[in-house]
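Asker: Here is a sequence together with a model predicted from it:
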Amino acid sequence: MKKSISLFVLTVFTFNVLSAGTGEPKLWFKSPAKNWNEALPVGNGRLGAMVFGGIEKERLQLNEESVWCKQGAYLDKKEGYKYIDEIRSLLFEGNFIEGEALAKKRLMSDRLPTGTNAYQTLGDIEIAFDNLSNIKNYHRELLLDDAMVITSFNSSGVNHKRTVFSTAADQMIVMMIESNRPEQICLSLELSRPGEGEFIATGGNTITMKQHVQDGQGVKYEAIVVVINHGGTISNQDNQIIVDGADKVELRIVAATDYFGDDPSEKCHHYFDAATSRSYEEIVKAHIADYQNLFNRVSIDLPDTEASYFATDERIDAQKRGVNDPSLAELYFQFGRYLLISSSRPGDLPANLQGIWADGLIPPWNADYHININIQMNYWPSEVTNLSECHEPFLKFIGGLREHGRQTAKELYGINGFTAHHTTDAWQYTTSFGKPVYGMWPMGAAWASTHIWEHYLFAGDLEFLESFGYDVMREAALFLSEFLTEDPNSGMLVTGPSVSPENTYFTPDGKTGSVCMGPAMDHQIVWHLFNACIEASELLNRDKKFRKKLKEQLTNLAPVKIESDGRILEWSDERLSEAEPGHRHMSNLYGLYPSNQYTWNHTPEYMKASARVIQERLKHGGGHTGWSRAWMINFYARLLEKETTWENLKLLWARSTLPNMFNTHPPFQIDGNFGATAGIAEMFLQSHTGEIHLLPCIPEDWHSGEIKGLVARGGFEVDIKWEDGDLIKAVIKSRLGNNCNVRYGDQTVEFETIAGNVYTIDGAVELK
């Protein structure tokens, strides 16, 4: 029976989703960073720095999103399509090892770059300070609501303050060095980069560094540092700038590459020229206004305990001892939003495995784009946490994969559409390479393309869907439509050859393999993308014939099976058993999250089977990487297991969080930060079942609180307040004028809306 909830309608045409909040969200520390994993990130979407907060010596490790080497091309294996039927026959017949060997030989590229294409550091600014002694009252903090790192301390009675931020408004990194007494700033500054081939010129108050990366095999870049002294003297020698006796010193840092076709020198000088007449105070004001336009859309308040008054690294360390710290979720959530704003702005490249923050010339996994979950996870929080614009770089990047993806589809599989495998980089290659266990997986483009539909569901951006998004989705679906083949054993349609990403099985005779036909994740992705394309084509009144074909193929798609032990079967053949029962990937649960294929209302048997999968993985050591644990948080939130979701979030902090709150695989990968941020949002609000589900997964430790500005599918901004575990009220703004269906516990209310109107739901009912 549907119970009523009191409904009040307030008709307004302006709506502010943010209140002042309960305090500044910030990360803070009592000492300088001893290493990179303790430094603090700033970024404007493309230009970033890790700030160490040193006293006598400060280091800013710099990054620009498009500093990539390119040592060659990843080329498709010629005429691989000629062997597809033979590979499939071997796999259908149960000759898994032979089928995998043939797939590796005939489909996986051995024509790779001579080295590796990697995202690289831009370089380092190192500043040595004189006349500092007797240090007291050291404090280092990252202000999340202002996007600034501030280091302060007292030296022999003089207060020193250093502020660093990366501004999107002026496209530069700025550092202000100041003290409360005149003539106290004495420093020497140099700009450098590891490796050979840089050209560095120092003149007046400027240092310029330029290079054609990797001896001409990558991008051309230029970086310029301008030092502005207020008082004192400035000079240069040996590629250093020296300031003596200044009242304060300002650094302005710009960088650019030719990745997008621009001349990097012209671009750098354009940035400087645009800001020449602007004071530091004006730059700060513009930076904060630009940043807060995104960040301030969401506020959150969770219960504080004594733990919340300790330094950030101490709070994280305390999680290893089980200290209860509910408001750490508040800080972690907003830090995740800060990182997304700082590493993914419209017009930029998407956030990579490390966002934009990577040290050295060959960072872990090249800091590239793994598209068998990692880059997708980066963008899970984008829509629900009200940062839809930050999703755009990934959506545009998916479309950019089509040029190479069409070639790969033709050369390897002999079919139309476009495909991409497990990894790509700034040059957007799409071929299969490496080992079959991770490389023989042609579903990357299809999974990524579902993000376009999710963007539409949240934002209702019909123009984007019509002019760009649908065409990308359609091409990815076209590939899958032609990739499907009939299983001679069942008569149903299956994908293949493919793998369940990075996981392995035992064959009946005890051999280890990975390549198969019809793994569960493939079919869940097919279901997700085909349904998205069907809905989009109906909405746009396009492709009626293609839409009909997709519907027919969905009807004949081999269903994902539940094993005899109650778990979702990862591989289509139950004779194949898990070689790694605690594996980090849980690909057979794609239908639970991020897809909406499995829900309690429609497929309870698959929800129970999903829970069994997770239980077995955890029992055998699963969730041991940060991003894997973050995925579990989202799984358990969808399963509505509130206390277990909270326990997994605490385990993420205890086992997979670095002192600076970066997530670690290990080493650092940013996807866990973003995945857990999305998971926290799922605890407050879910909308994947066609209704706005309020507080679906709030644990007892979060007994009272408030969150404002989350976004639900259908185009609704939602504010929620609760006390003692009970909903007090929810305020819902309709952006698009869609019908609204709200659930709280087992109670629901449905109503029509008008775009721009605000609707308040009184939650004075018991949670059941």
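Answerer: Perfect, thanks for sending it. Numbering: from 1, shown residues only.
Asker: my guess is residue 678 meets residue 631, correct?
Answerer: No: with contact defined as C-beta atoms under 8 Å, residue 678 does not reach residue 631; the gap is 9.7 Å. All C-beta spots, glycine's among them, are computed from the backbone N, C-alpha and C.
Asker: buried residues in the host helix or strand of residue 549?
Answerer: Using DSSP states H and E, residue 549 falls within helix 544-556. For helix 544-556, a neighbour-count test (16 or more other C-beta atoms under 10 Å) marks 546, 547, 550, 553 as buried.
Asker: do the same with stretch 101-114
Answerer: Neighbour counts using 16+ other C-beta under 10 Å place 101, 102, 103, 104, 106, 107, 108, 109, 112, 113 of stretch 101-114 among the buried residues.
Asker: Contacts made by it with the rest, please.
Answerer: Applying C-beta atoms under 8 Å, 6 or more residues apart in numbering, the set of residues contacting stretch 101-114 from outside is 70-77, 80, 82-84, 86-87, 90, 412, 431-436, 439-440, 497, 515.
Asker: Just the CA trace of that stretch, in CSV.
Answerer: Extracted in CSV, the C-alpha atoms of stretch 101-114 (Å, rounded to 0.1, in the frame of the first residue of the first chain):
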residue,chain,number,x,y,z
ALA,A,101,46.4,-19.2,-27.5
LEU,A,102,45.0,-18.6,-31.0
ALA,A,103,43.4,-15.3,-29.8
LYS,A,104,46.7,-14.1,-28.4
LYS,A,105,48.5,-15.0,-31.6
ARG,A,106,46.0,-13.6,-34.1
LEU,A,107,44.2,-10.8,-32.3
MET,A,108,46.6,-9.2,-29.9
SER,A,109,49.1,-6.7,-31.2
ASP,A,110,52.8,-7.3,-31.0
ARG,A,111,53.5,-4.1,-32.9
LEU,A,112,53.9,-1.8,-29.9
PRO,A,113,55.9,1.4,-29.2
THR,A,114,59.6,0.9,-28.6
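Asker: quick one on the thing from earlier: please list the members of the buried residues of stretch 101-114 that lie in helices.
Answerer: The helices, defined by DSSP state H, take in 101, 102, 103, 104, 106, 107 from the buried residues of stretch 101-114.
Asker: For the longest helix that the chain contains, buried residues please.
Answerer: Longest helix in the chain, counting residues (DSSP H): helix 520-540. Neighbour counts over helix 520-540 (16+ other C-beta under 10 Å) mark 520-534, 536-537 as buried.
Asker: From the buried residues of stretch 101-114, pick the one nearest residue 340.
Answerer: Lowest distance from residue 340 to these (C-beta to C-beta) belongs to residue 113, with 30.0 Å.
Asker: quick one on the thing from earlier: just checking, what packs against the longest helix of the chain?
Answerer: Using 3 or more C-beta pairs under 8 Å, 6 or more residues apart in numbering; DSSP states H and E, the elements in contact with helix 520-540 are helix 444-459, helix 470-483, helix 544-556.
Asker: returning to what we had before: can you list the buried residues of stretch 101-114 in TSV and add pLDDT and distance to residue 396?
Answerer: Listed next are the buried residues of stretch 101-114 as TSV, based on pLDDT from 0 to 100; distance: C-beta to C-beta, whole Å:
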residue	pLDDT	distance to residue 396
101	98	38
102	98	37
103	98	32
104	97	33
106	97	33
107	97	29
108	95	28
109	93	26
112	74	26
113	70	25
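Asker: pretty sure residue 673 is touching residue 333, no?
Answerer: No: using C-beta under 8 Å, residue 673 is not in contact with residue 333, being 10.0 Å away.
Asker: which of these two has more neighbours?
Answerer: Neighbours were counted for residue 673 and for residue 333 using other C-beta atoms under 10 Å; residue 673 has more, 31 against 26.
Asker: Ignoring the adjacent residues along the chain, who's closest to the more buried one?
Answerer: residue 663 (4.5 Å; C-beta to C-beta, 6 or more residues apart in numbering).
Asker: hey, what's residue 228 bridged with?
Answerer: Beta-bridge pairing for residue 228 (DSSP bridges): residue 250.
Asker: wait, what's in contact with it?
Answerer: With contact set as C-beta under 8 Å, 6+ apart, residue 228 has these partners: 205, 249, 250, 251, 252.
Asker: out of those residues, who's nearest residue 625?
Answerer: Using C-beta to C-beta, residue 251 comes nearest to residue 625 of the contacts of residue 228, at 37.2 Å.
Asker: and that closest one, how many neighbours does it have?
Answerer: Applying other C-beta under 10 Å, we find 22 residues neighbouring residue 251.
Asker: who's in contact with it?
Answerer: With contacts defined as C-beta under 8 Å, 6+ apart, residue 251 is in contact with 125, 173, 174, 175, 176, 177, 189, 225, 226, 227, 228.
Asker: List buried residues within the residues you listed.
Answerer: For the contacts of residue 251, a burial check counting by 16+ other C-beta under 10 Å picks out 125, 173, 174, 175, 176, 177, 189, 225, 226, 227.
Asker: so what's residue 318 up against?
Answerer: Contacts of residue 318 by C-beta under 8 Å, 6+ apart are 307, 310, 325.
Asker: The last one sits in which helix or strand?
Answerer: Spelled out, it's residue 325. If you go by DSSP H and E, residue 325 is not part of any helix or strand.
Asker: Quick check, it in contact with residue 317.
Answerer: No: with contact defined as C-beta under 8 Å, residue 325 does not reach residue 317; the gap is 11.1 Å.
Asker: okay, the two: which has more neighbours?
Answerer: residue 325 (24 against 16).
Asker: can you count the residues close to residue 233?
Answerer: 11.
Asker: Quick check: it vs residue 185, distance?
Answerer: Distance of residue 233 to residue 185, computed by C-beta to C-beta, to the nearest Å: 11 Å.
Asker: likewise residue 140?
Answerer: Residue 140 is 19 Å from residue 185, where distance means C-beta to C-beta.
Asker: Kindly report the same for residue 623.
Answerer: Taken as C-beta to C-beta, the span from residue 623 to residue 185 is 49 Å.
Asker: just residue 754 next, same as before
Answerer: Remark: distance between residue 754 and residue 185 (C-beta to C-beta) = 58 Å.
Asker: quick one: which of those two has more around it?
Answerer: Neighbour count, other C-beta under 10 Å: between residue 754 and residue 185, residue 185 has more, with 25 against 13.
Asker: Could you report the distance from the closest residue to that one other than its chain neighbours to residue 227?
Answerer: Nearest residue to residue 185 in three dimensions, chain neighbours excluded: residue 246, at 4.2 Å (C-beta to C-beta, 6+ apart). In this view, residue 246 and residue 227 are 10 Å apart by C-beta to C-beta.
Asker: any residues in contact with both of these two?
Answerer: With C-beta under 8 Å, 6+ apart, residue 246 and residue 227 have common neighbours residue 234.
Asker: ok, and the closest residue to residue 127 other than its chain neighbours, which helix or strand is that part of?
Answerer: Of all residues not flanking residue 127 in the chain, residue 58 sits nearest, at 4.5 Å (C-beta to C-beta, 6+ apart). Using DSSP H and E, residue 58 maps to strand 57-64.
Asker: can you list contacts of that strand?
Answerer: Everything outside strand 57-64 that qualifies as a contact, by C-beta under 8 Å, 6+ apart, is 36, 39, 43, 46-52, 121-129, 151, 162, 164, 173, 175, 221, 223, 253, 255-257, 356-359.
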